[in-house]
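Chemist: Predicted model and sequence below, questions to follow.
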Amino acid sequence: MIRTVLVGLGPRSYQVRVGAGLIDAAGQALAPLLKRKRTAVVSDETVWGLHGARLSAALARAGIEAVPIVVPPGEQTKSFEGLAEVSDRLLELELDRGDVITAFGGGVVGDLAGFAAAIYKRGVDFVQIPTTLLAQVDSSVGGKTAIDTPRGKNLIGAFHQPRLVLADLDVLATLPEREMRAGYAEVVKYGLLGDFRFFEWLEANAAAVLARDPAALAHAVARSIEMKAEIVAEDETEQGRRALLNLGHTFGHALESETGYGEALLHGEAVAAGMALAFRFSASQGLCETQEAGRAAAAIAAAGLPATLGEVRAEPFDAERLVRHMAQDKKAEAGRLTFILARRLGEAFVAKDVDAQAVAAFLESEGAV
């Protein structure tokens, strides 16, 4: 069964389709969006090697030529150099403003291809076909596109909504276990920030989701997308409520900066640790009950994800360095720290003007130096 979620943005509204076999039907899905029967497909070497032939065949059945632009896998590709390479290939292919770019991969590919689409000839349409759990429930939906810089993650980017998102659950069968767990962090985030009943369901069904049980996986992905679509429709450019989707990210991005944006710490793992830290920091400030923070951390740990600084890295983090990274966060305003904190499970809120010294003292209590 295919479940369809509408991201309601007026004339720029689009569907997110969730289910099995969507790659095999991609030609039929993309054909109405194309003015000429070809699409540049941005993918990475791993995904294209596993699934490129399947997508190419599906598009060919609809008479669509897939022109691959294959980039190296990994966060390092989401850079000025990676953007320049993709942009040059698009120009070499002589794409015009009526063409469509297809992002076929995880969050790195989606962010990179989406940003390239946003700036290529002042903007062309693109389609997301996310191939990781994290990308399906988070980065492929909502129009955030960006690259990283040495000064921080996702600091150069644009809001550029896709025309269509195809979340094929079949493709998750080839996802490594670690990547599956990392994606699950973004699933549990939705329960923690705004749906306590969903959080309770995940406590009971985490093992089934991680084992890729079809029914459990379909519910987890669709419910996550429903929540994100509702928030994006209300606050597309993150002026208010959409910031809630960054639960765990202020701590998490700082941890990623310190560990080098690589295999040492995947984005979902950083977010997992960041959410546990956000709940414990909330408890330390008297904003939520200690047992609520403990339950959040237990749900994260039960999925095999890090919930403490020590689980992220044995070597202690420098508290002041982490706080300096947080000061570069996109949500920071006029040098003031902004965090997503919690009042209880299922109820997060945006906290502005958070005291940097309080954050540093908290991190030291968590094992930073």
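Modeler: It's in. Residues are numbered from 1 along each chain as shown.

Chemist: Dihedrals phi and psi, residue 139?
Modeler: Dihedral pair for residue 139: phi -70, psi -20, per degrees, to the nearest 10.

Chemist: Quick check: it touching residue 107?
Modeler: Yes. Residue 139 is within contact range of residue 107, at 3.9 Å (criterion: C-beta atoms under 8 Å). Heads up, the C-betas are built off the backbone N, CA and C, glycines and all.

Chemist: quick one: the strands in the stretch 201-350 of the chain?
Modeler: 337-344, 347-354 (DSSP state E, counting those that start in this stretch).

Chemist: Could you tell me the angle between the first one and strand 347-354?
Modeler: Angle between the axes of strand 337-344 and strand 347-354 is 150 degrees (criterion: axes from the mean of the first three to the mean of the last three C-alpha atoms, to 10 degrees).

Chemist: buried stuff in strand 337-344?
Modeler: 337, 338, 339, 340, 341, 342, 344 (16 or more other C-beta atoms under 10 Å).

Chemist: Which elements pack onto it?
Modeler: helix 177-194, helix 249-259, helix 267-284, helix 290-302, helix 319-327, strand 347-354, helix 356-365 (3 or more C-beta pairs under 8 Å, 6 or more residues apart in numbering; DSSP states H and E).

Chemist: would you list those in a markdown table and tack on distance to residue 165 and mean pLDDT?
Modeler: Below are those laid out as a markdown table (distance: least, C-beta to C-beta, whole Å; pLDDT from 0 to 100):
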| stretch | distance to residue 165 | mean pLDDT |
| --- | --- | --- |
| helix 177-194 | 15 | 97 |
| helix 249-259 | 21 | 94 |
| helix 267-284 | 19 | 97 |
| helix 290-302 | 26 | 98 |
| helix 319-327 | 31 | 94 |
| strand 347-354 | 24 | 94 |
| helix 356-365 | 35 | 96 |
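
Chemist: Output the contacting helices and strands for the host helix or strand of residue 104.
Modeler: In this structure, residue 104 sits in strand 100-105 according to DSSP states H and E. In this structure, strand 100-105 makes packing contacts with strand 38-44, helix 45-61, helix 107-119, strand 125-130, judged by 3+ C-beta pairs under 8 Å, 6+ apart.

Chemist: Confirm residue 90 sits in a helix?
Modeler: Yes. Membership of residue 90 in a helix is supported by DSSP: H, G, I helix; E, B strand; the rest coil.

Chemist: Just list the residues touching it, thanks.
Modeler: The contact partners of residue 90, taken as C-beta atoms under 8 Å, 6 or more residues apart in numbering, are 40, 69, 101, 116, 120.

Chemist: From the residues you listed, pick the one nearest residue 29.
Modeler: residue 101 (15.0 Å; C-beta to C-beta).

Chemist: Mind listing the shared neighbours of residue 139 and residue 107?
Modeler: Joint contacts of residue 139 and residue 107 (C-beta under 8 Å, 6+ apart) are residue 130.

Chemist: Next up, the contacts around residue 124.
Modeler: The contact partners of residue 124, by C-beta under 8 Å, 6+ apart, come to 95, 97, 98, 99, 100, 101, 117.

Chemist: do the same with residue 240
Modeler: Counting by C-beta under 8 Å, 6+ apart, residue 240 has contacts 234, 350.

Chemist: Let me know the distance separating it from residue 352.
Modeler: 11 Å (C-beta to C-beta, to the nearest Å).

Chemist: Can you pull the poorly scored residue ranges out of the stretch 51-200 of the chain?
Modeler: Within the stretch 51-200 of the chain, the set of residues satisfying pLDDT under 70 is empty.

Chemist: re the thing from before, want to throw the contacts of residue 90 into CSV with neighbour count and distance to residue 256?
Modeler: Formatted as CSV, the contacts of residue 90 follow (neighbours: other C-beta atoms under 10 Å; distance: C-beta to C-beta, whole Å):
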residue, neighbour count, distance to residue 256
40, 25, 29
69, 24, 26
101, 25, 26
116, 27, 22
120, 20, 27
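
Chemist: Now for these: which two are most distant?
Modeler: Spatial extent of the contacts of residue 90 (C-beta to C-beta) is set by the pair 69 and 120 at 11.7 Å.

Chemist: pretty sure residue 16 is in a strand, no?
Modeler: Yes. Using three-state DSSP, the assignment for residue 16 is a strand.

Chemist: number of nearby residues for it?
Modeler: 26 (other C-beta atoms under 10 Å).

Chemist: correct me, but it touches residue 7?
Modeler: Yes. Between residue 16 and residue 7 a contact is recorded at 6.4 Å, counting by C-beta under 8 Å.

Chemist: Are there residues contacting both of the two? Which ones?
Modeler: 141, 229.

Chemist: neighbours around the nearest residue to residue 268 once chain neighbours are set aside, how many?
Modeler: Nearest non-adjacent residue to residue 268, counting by C-beta to C-beta, 6 or more residues apart in numbering: residue 182, 2.8 Å away. Neighbours of residue 182 under the rule other C-beta under 10 Å: 27.

Chemist: and residue 182, what does it touch?
Modeler: By C-beta under 8 Å, 6+ apart, the neighbours of residue 182 are 133, 134, 266, 267, 268, 269, 272, 305.

Chemist: I'd say the third one and residue 178 touch.
Modeler: Yes. Using C-beta under 8 Å, residue 266 and residue 178 qualify as a contacting pair, with a distance of 6.9 Å.

Chemist: Those two: which is more packed in?
Modeler: When neighbours are counted by other C-beta under 10 Å, residue 266 and residue 178 differ, and residue 266 comes out ahead with 22 against 14.

Chemist: so who does that one touch?
Modeler: Counting by C-beta under 8 Å, 6+ apart, residue 266 has contacts 178, 179, 182.
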